[in-house]
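>>> no sequence for this one, just the structure:
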């Protein structure tokens with residue numbers, strides 16, 4: 001029988017990692033929420049946390065089963081596929097936020113869709129123990145959205161969010 005409580009300290013660190021990713025992605029979502037855009041605080045938090053969780057689970061699977069696979073077996077452990085799957089799944093969420101306004105022939109909320117992708121990236125970075133990178137990315141995304149958003153409000157170039 002499997003020992004589901006093996007390495008409780010490791011599991012607590014994993015839970016803390018997911019929490020950190022969730023909080024950092026939530027900061028991106030908070031900016032979207034304050035700006036009145038779709039896919040705000042909760043959505044971004046869930047995307048960041050889920051991304052971190054999936055990467056951690058992938059690393060766990062590779063660590064658990066990587067040594068037990070015989071040479072020549074058809075079982076492959078490729079952690080890059082997990083990141084690829086996260087990007088595909090998050091892209092569907094992002095596509096759901098994009099809105100085409102027919103009367104103005106405009107597409108809206110592309111920035112929000114890109115922010116969702118960044119939230120996923122933040123989750124992956126935290127799960128890979130690149131927390132400083134994740135924090136820097138959050139600062140960058142918030143700066144882009146706030147500062148350049150305010151600038152584009154003053155000097156519109158024909159595009160919206």
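That came in fine, so what should we check first? Since the structure is predicted, the reported quantities are computational estimates derived from the model, not experimental observations.
>>> Could you look up the SS state of residue 37?
Here residue 37 is recorded as coil under DSSP: H, G, I helix; E, B strand; the rest coil.
>>> Going toward the C-terminus from the helix or strand of the chain with the lowest mean pLDDT, what's the next helix or strand?
Using mean pLDDT, DSSP states H and E, strand 99-101 stands out as the lowest-scoring helix or strand of the chain, at a mean of 72. Stepping forward along the backbone from strand 99-101, the first helix or strand reached (DSSP states H and E) is strand 106-108.
>>> and residue 31, what is it in contact with?
By Cβ atoms under 8 Å, 6 or more residues apart in numbering, residue 31 lies in contact with 115, 141-142, 145-146. C-betas here are computed from N, CA, C, even on glycine.
>>> Go again with 10 Å.
Residues counted as contacts of residue 31 (Cβ atoms under 10 Å, 6 or more residues apart in numbering) are 37, 40-41, 44, 115, 138, 141-146, 149.
>>> which SSE is it in?
Using DSSP H and E, residue 31 falls in helix 8-34.
>>> next one: that helix to chain centre, how far?
How far helix 8-34 lies from its chain's middle: 10 Å, per Cα atoms, centre = their mean, to the nearest Å.
>>> Next: stretch 26-45.
How far stretch 26-45 lies from its chain's middle: 13 Å, per Cα atoms, centre = their mean.
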